[in-house]
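Student: Give me coordinates for this.
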Amino acid sequence: MSLGLLLCVFDLSAVPCSKEGDQPLFAAPLAESFAIVAMHFTRTLHPPGGATALIAIIGGEGIHAMGYLYVLPPILTGALVMLLVTLLVNNISRNPGRHYPVYWL
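Tutor: Here you go, the predicted structure:
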């Protein structure tokens, strides 16, 4: 399972908590706790995953209006940036054993 997929699962746990209405005092720690517990059980503790869950709660109306789509921009952007950096760093090397990916499929 990829790290991006796991982060998506942790962040998705915050979206139902954001629907609690005017109770961010209870929803924020609840969302953060769900994210931390999920990361703990999968042994993939990653602080930005908890922060993204917290932003889903304390964010403005624009973030709340996005609902589950809120999770896509931070995770998709992060995954694409990591992929581009990996491709750039490993393919500009003159070392023939360092080219990534060897096969696309």
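
Student: neighbours around Thr44, how many?
Tutor: Using other C-beta atoms under 10 Å, Thr44 has 15 neighbouring residues. To be clear about C-beta, it is placed using only N, CA and C from the backbone, and glycine gets the same treatment.

Student: for the one 4 residues further on, same thing?
Tutor: Each residue near Pro48 was counted by other C-beta under 10 Å, and the total is 14.

Student: and the helix or strand hosting Ile36, which residues are buried?
Tutor: Secondary structure from DSSP states H and E places Ile36 in helix 24-42. Under the neighbour-count criterion of 16 or more other C-beta atoms under 10 Å, helix 24-42 has Pro24, Ala27, Ala28, Leu30, Ala31, Glu32, Phe34, Ala35, Ile36, Ala38, Met39 buried.

Student: What is the least confident helix or strand in the chain?
Tutor: Counting by mean pLDDT, DSSP states H and E, the chain has its least confident helix or strand at helix 3-12, which shows a mean of 47.

Student: still on that earlier bit, need the next SSE after the helix holding Ile36, C-terminal direction.
Tutor: Next element after helix 24-42 (DSSP H and E): helix 47-58.

Student: What is the helix holding Ile36 packed up against?
Tutor: Counting contacts by 3 or more C-beta pairs under 8 Å, 6 or more residues apart in numbering; DSSP states H and E, helix 24-42 packs against helix 3-12, helix 14-18, helix 47-58.
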